[in-house]
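1. sharing a sequence plus its predicted fold:
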2 protein chains.
Amino acid sequence: MKGHDHAHHKEDLAERLKQAHLSITPSRLAILELLHESHRVWSIEQLIEALKRRPKALKGSLVFTTIYRCLLKLEEAKMVRRVDFGDGVSRFEFDTGEGHHHHHIVCTQCNAIEALEDCHIKEIEKNVKKLGYQNISHRMEFFGLCKGCS
Amino acid sequence: MKGHDHAHHKEDLAERLKQAHLSITPSRLAILELLHESHRVWSIEQLIEALKRRPKALKGSLVFTTIYRCLLKLEEAKMVRRVDFGDGVSRFEFDTGEGHHHHHIVCTQCNAIEALEDCHIKEIEKNVKKLGYQNISHRMEFFGLCKGCS
DNA sequence: ATTTTTTTGCAAATCATTTGCATTTATTTT
DNA sequence: AAAATAAATGCAAATGATTTGCAAAAAAAT
Ligand SMILES: [Mn+2]
Ligand SMILES: [Mn+2]
Ligand SMILES: [Zn+2]
Ligand SMILES: [Zn+2]
C-alpha cells in the first residue's frame, strides 16, 4: 500500500517535472519527495542532512550547489516555494499551489517553525494567539507595480 | 525660523542620544538628522551618498563601517528601525515610536518604496489597491515565543 | 588638563549565495 | 541501440552584504 503510494508520488512528481520541461534527475526527485512528504520548510543544509540520512540515499554525493540549483529550477517551475524569515538563510517548502497561500510563525526562542494554514489576514493574529504564542511580532511588506510603472 | 527648528531638532536628537547613554558624535547626529527629516528608508550606501552631498557635510570621511555601527547603536536605542524587504540589503528609517508601527510597499518594477501609514492589517490590502498598485503580493511572517519556550 | 571610555577608519574575515567550467548524466536524433 | 545534443552535476573560486579586529582619534569622565 505504502509502496504503491510512494511509487505513485514519484511518478506524479516526475510527471510534473516533465511538464515543466525539466530533466528528471535523482537529485530533483529526492528533493521533491522529501518536500512533498514533509509539510515543513527546509534550509539547504537541512535538506542535505535529511537526504543523507534517507533509507534510499542518493548515489552521488549531496552537494550544496546541486541542491541549490535544483531548488532554483523547482522554484521557477512553481513546484517549490522559497520562504524568507530575514535571518539570511533561504528556506524552501513544497508549493501546494495558488490556493494554499499561507504564512508561518517562528519561535523567537527555539526557532521552531509552524505553518499558519490559510491567510485570512484579519484573523491571522487571533489564530497566532490561539496557538499559544506570546510576544508576537510580525514582518510584512507588500510588493506591486506602482502607478508610474504600470 | 527654519534655523531654529533645525537647531531644536539637533538638540533634541542629541538629548535622546544622551538618554540612551550613547556618545554624541557628528556621524550619529548627521545620520539622525537625515533620517528624521526624510520620511523614508535608506540603505547604508544611500545614506553615505546623501550625507556626502549635504551642505554641511561631515568633516571626517564617510565610511561604511562607521555608518553601519552607528545604525546598530541607534537601532538598539530604538531611535532607528531596520526594514528588510528580503533583497539582501538592510534599510533603515527613523523610529517614530511604538505607536507608529507601519509597513511599506515596494514597486516590483522601479523599486520605489512607499510607506503604508498605520497597520490595520485587515484594511491594508484595500489601501494598497487604492494607492494604485497592481499585481500586489506581500511578505509576512510572525515571530513569537511558542508554548514550549514560554 | 589628564585619564578613561567610546567611536572611528581601514583592512581583513564571515557567511550565504552565486558563478565558471570541465565532467557526467539525461534527452533527443539518427 | 548508438551517436549527437542539451542539460545537470561537482568542485573550486567569486560575490557581496555584513561583521569583526585593532590601532588611532574623539568624546566623556575625573
Ligand atoms: Mn508552509
Ligand atoms: Mn516607514
Ligand atoms: Zn498572505
Ligand atoms: Zn503590522
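-> Nice, I can see it. Predicted, not measured: the structure shown is a model, and the values here were computed from it. Ligands and ions are numbered 1, 2, ... in the order given.
2. counting neighbours, what do you get for A:Ile121?
-> Using other CB atoms under 10 Å in any protein chain shown, A:Ile121 has 15 other residues around it. C-betas here are computed from N, CA, C, even on glycine.
3. quick one, the helix or strand where A:Phe142 lies and strand B:134-145 angle?
-> Using DSSP states H and E, A:Phe142 sits within strand A:134-145. Relative orientation of strand A:134-145 and strand B:134-145, computed by axes from the mean of the first three to the mean of the last three CA atoms, to 10 degrees: 160 degrees.
4. report all helices and strands that strand A:134-145 contacts.
-> Secondary-structure packing of strand A:134-145 (3 or more CB pairs under 8 Å, 6 or more residues apart in numbering or on different chains; DSSP states H and E): helix A:121-130, strand B:80-84, strand B:103-107, helix B:121-130, strand B:134-145.
5. what pairs with that strand, parallel or antiparallel?
-> Using DSSP bridges, strand A:134-145 pairs in its sheet with strand B:103-107 (parallel), strand B:134-145 (antiparallel).
6. ok, and what's touching that strand?
-> Residues outside strand A:134-145 that contact it (CB atoms under 8 Å, 6 or more residues apart in numbering or on different chains): A:85-86, A:105, A:108, A:125, A:128-129, B:83-86, B:103-109, B:116, B:119, B:121, B:124, B:128, B:133-145, B:150.
7. buried subset of those residues?
-> Among the contacts of strand A:134-145, the ones that count as buried by 16 or more other CB atoms under 10 Å in any protein chain shown are A:85, A:105, A:108, A:128, B:83-85, B:103-108, B:116, B:124, B:128, B:133, B:138-145.
8. from the chain's centroid, how far away is the strand holding A:Phe142?
-> 19 Å (CA atoms, centre = their mean, to the nearest Å).
9. ditto for stretch A:128-145
-> 19 Å.
10. so it, near DNA strand D or not?
-> No: figure legend: stretch A:128-145 not in contact with DNA strand D (CB under 7 Å from any atom of the strand); closest approach 15.0 Å.
11. please work out the average pLDDT along that stretch.
-> Average pLDDT, stretch A:128-145: 89.
12. just the CA coordinates for it, please, in CSV.
-> Extracted as CSV, the C-alpha positions of stretch A:128-145 are listed here (Å, rounded to 0.1, in the frame of the first residue of the first chain):
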residue,chain,number,x,y,z
VAL,A,128,-1.5,33.0,16.3
LYS,A,129,-2.5,33.9,19.8
LYS,A,130,-4.7,30.8,20.0
LEU,A,131,-1.7,28.7,19.1
GLY,A,132,-0.2,29.8,22.4
TYR,A,133,2.5,32.2,21.2
GLN,A,134,3.5,35.2,23.2
ASN,A,135,5.3,38.4,22.4
ILE,A,136,4.0,38.1,18.9
SER,A,137,5.5,40.4,16.3
HIS,A,138,5.3,40.2,12.6
ARG,A,139,7.1,41.1,9.4
MET,A,140,5.1,42.1,6.4
GLU,A,141,5.9,44.0,3.3
PHE,A,142,4.0,44.5,0.1
PHE,A,143,5.2,44.3,-3.5
GLY,A,144,3.5,45.5,-6.6
LEU,A,145,3.5,47.7,-9.7
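13. can you redo the strands paired with strand A:134-145 as TSV with distance to A:His9?
-> Listed next are these as TSV, based on distance: least, CB to CB, whole Å:
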stretch	distance to A:His9
strand B:103-107	37
strand B:134-145	29
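14. in chain A, what residue is nearest ligand 1?
-> Going by CB to the ion, ligand 1 is nearest to A:Ala115 of chain A, at 4.0 Å.
15. and the pLDDT for that residue?
-> Looking at A:Ala115, its pLDDT is 92.
16. part of a strand, is it?
-> Yes: using DSSP: H, G, I helix; E, B strand; the rest coil, the secondary structure at A:Ala115 is a strand.
17. burial measure for A:Val89, as a count.
-> By other CB under 10 Å, 12 other residues sit near A:Val89.
18. among the helices and strands packed on strand A:134-145, which comes closest to A:Arg91?
-> strand B:134-145 (10.6 Å; CB to CB).
19. please name the residues that touch the residue of chain A closest to ligand 1.
-> Going by CB under 8 Å, 6+ apart, A:Ala115 touches A:39-40, A:102-104.
20. at 6 Å what do you get?
-> For A:Ala115, the contact set (CB atoms under 6 Å, 6 or more residues apart in numbering or on different chains) comprises A:102, A:104.
21. measure it to DNA strand C for me?
-> Distance of A:Ala115 to DNA strand C, given as CB to the nearest atom of the strand, to the nearest Å: 20 Å.
22. how close does that residue sit to A:Val106?
-> To A:Val106, A:Ala115 is 11 Å away according to CB to CB, to the nearest Å.
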